[in-house]
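Chemist: structure, please.
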Amino acid sequence: MDTNRPGNFRSAAIVLALSAALLGACGFEKPETLLRSARESIAKKDYQAAWIQLKNVLQKQPENGEAYYLVAITLIEFGDFAGAEKALRQALKYGQAPDLVYPALAKALVGMGDFKKAIAELGALAMKERPAQAALKTALGEAFLALGQRKEAGEAFAAARASAPDDLRARSGEARRRAAEGDLPGAMKLVEEILAASPGFPAALGLKADLLLSQGKRDEAAAVLSALIKASPRDGRARFGLVSLLIEDNKLAPAAAEIEAWKQALPRDLLWNYFKAVLAQRQNEPAKARDAVLQVLKVAPEHAPSLLLAGAIEYQLGAFSMAEGYLRKVVARFP
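Modeler: Numbers count the residues shown, from 1 in each chain. Purely as a prediction, here's the structure:
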């Protein structure tokens, strides 16, 4: 901006003055007022505003359990599951109710790919409230399913539906389990029932795309994922699915554009960096791929797909000792 022009200078001065006034106002607001505003922002899905309000709360009250819990909810929406896990542990430490914290913690751990950790730490817990029990069991079902433990996944989804029969996420999990068992018609039937009740439900749309893909209907699957992303820009799973599909189909330029859009929508999500690495390796740029995958492993050192990719990259670069180290970690986790 050309601040030498009088009009521009006055505009800049007004903006700075207003910014200072707003910052000053936030500084003088009581934590209770800021918390209330943060709850309202989250209800409106204005997570950036909530994030600013909650940071101000924690500056004034660094032991506020509710603020940590709401920070975690906000970070989950940003795709920062590692940050959410840390905030949730602080929330628990400072007295936030387990029925709120543990289902969110399970979701964060599953989001990071720490499936075994989620099951080991939370698998034996029972929540007091039915919605909380359903949310916890659904997340555990997703963890079991990711590990290929379909029987345990089915039991977890059944427990979730027993607590909340109409829980769409639990029903979507059961549909995914049926698909994993090979019952594709049964899975699609359940998906269509879910979408009839809630046409834009993300988990069901994501599974529908997977089912279409299993039938070789790749363009239809991509269209469903694109529609899902348009309706839910912060749906990391949809972005994961679409970018995977584009890279598999060697549509590298559209994949790069989708990765950049993913970065803009979910800047804290680790997985767009993972796909930057996948894309760079596909484009025969191993040094660039290494830089990207290390960004993931810096935050989530046990993320198995990134460990496997890092091993392949180091092998490609001739760093065989490094490659061995990464690949041994993968084998230790998935013998």
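
Chemist: hang on, residue 50 packs against residue 42?
Modeler: Yes: contact criterion Cβ atoms under 8 Å: residue 50 and residue 42 qualify, at 4.9 Å. C-beta: built from backbone N, CA, C; applies to glycine.

Chemist: of the two, which one has the most company?
Modeler: Taking other Cβ atoms under 10 Å, residue 50 and residue 42 do not tie; residue 50 has more neighbours (25 against 19).

Chemist: in which helix or strand would I find that one?
Modeler: helix 47-60 (DSSP states H and E).

Chemist: shared neighbours, residue 50 and residue 42?
Modeler: 70, 74 (Cβ atoms under 8 Å, 6 or more residues apart in numbering).

Chemist: ranges for the helices of the stretch 1-150 of the chain?
Modeler: 6-28, 31-43, 47-60, 65-78, 81-93, 98-112, 115-122, 130-146, 150-163 (DSSP state H, counting those that start in this stretch).

Chemist: who wins for proximity to residue 294 among those?
Modeler: helix 81-93 (14.9 Å; Cβ to Cβ).

Chemist: do you have the helices of the stretch 201-335 of the chain handy? List them.
Modeler: According to DSSP H, counting those that start in this stretch, the stretch 201-335 of the chain carries its helices in the segments 202-214, 218-231, 236-248, 252-265, 271-282, 286-299, 304-316, 320-333.

Chemist: relative to helix 81-93, how tilted is the third one?
Modeler: Which is helix 236-248. 160 degrees (axes from the mean of the first three to the mean of the last three Cα atoms, to 10 degrees).

Chemist: list the buried residues in the helix holding residue 50.
Modeler: Judged by neighbour count (16 or more other Cβ atoms under 10 Å), helix 47-60 contains these buried residues: 47, 49-51, 53-54, 56-58.

Chemist: that one to helix 81-93, inter-axis angle?
Modeler: With the same axes, to 10 degrees as the basis, helix 47-60 and helix 81-93 are set at 40 degrees to each other.

Chemist: what is helix 47-60 packed up against?
Modeler: helix 6-28, helix 31-43, helix 65-78 (3 or more Cβ pairs under 8 Å, 6 or more residues apart in numbering; DSSP states H and E).

Chemist: now, which of the buried residues of helix 47-60 sits nearest residue 153?
Modeler: residue 47 (29.9 Å).

Chemist: that closest one reaches residue 53, doesn't it?
Modeler: No: between residue 47 and residue 53 there is no contact under Cβ under 8 Å: 10.5 Å.

Chemist: joint contacts of these two?
Modeler: Common neighbours of residue 47 and residue 53, using Cβ under 8 Å, 6+ apart, are residue 41.

Chemist: wait, isn't residue 78 in contact with residue 263?
Modeler: No: Residue 78 lies out of contact with residue 263 (Cβ under 8 Å); the separation is 11.7 Å.

Chemist: and those two? which has more neighbours close in?
Modeler: Comparing residue 78 with residue 263 by other Cβ under 10 Å, the one with more neighbours is residue 78, at 19 against 16.

Chemist: can you name the residues that contact that one?
Modeler: Contacts for residue 78 (Cβ under 8 Å, 6+ apart) come out as 47, 51, 234, 266-269.

Chemist: quick one: the residue lying closest to residue 316 once chain neighbours are set aside and residue 327, what's the gap?
Modeler: Spatial nearest neighbour of residue 316, excluding adjacent residues (Cβ to Cβ, 6 or more residues apart in numbering): residue 286 at 4.8 Å. For residue 286, the distance to residue 327 (Cβ to Cβ, to the nearest Å) stands at 16 Å.

Chemist: same question, residue 212
Modeler: The value you get for residue 212 to residue 327, if Cβ to Cβ is used, is 33 Å.

Chemist: same deal with residue 199?
Modeler: As for residue 199, its distance to residue 327 is 44 Å (criterion: Cβ to Cβ).

Chemist: neighbour count winner among those two?
Modeler: For residue 199 versus residue 327, the count of surrounding residues by other Cβ under 10 Å is larger for residue 327: 17 against 10.

Chemist: tell me who's in contact with the residue nearest to the more buried one when sequence neighbours are not counted.
Modeler: In space, and not counting its chain neighbours, residue 327 is closest to residue 311: 3.9 Å by Cβ to Cβ, 6+ apart. If you count contacts by Cβ under 8 Å, 6+ apart, residue 311 has them with 323-327, 330.

Chemist: 7 Å instead, please
Modeler: 323, 326-327, 330 (Cβ atoms under 7 Å, 6 or more residues apart in numbering).
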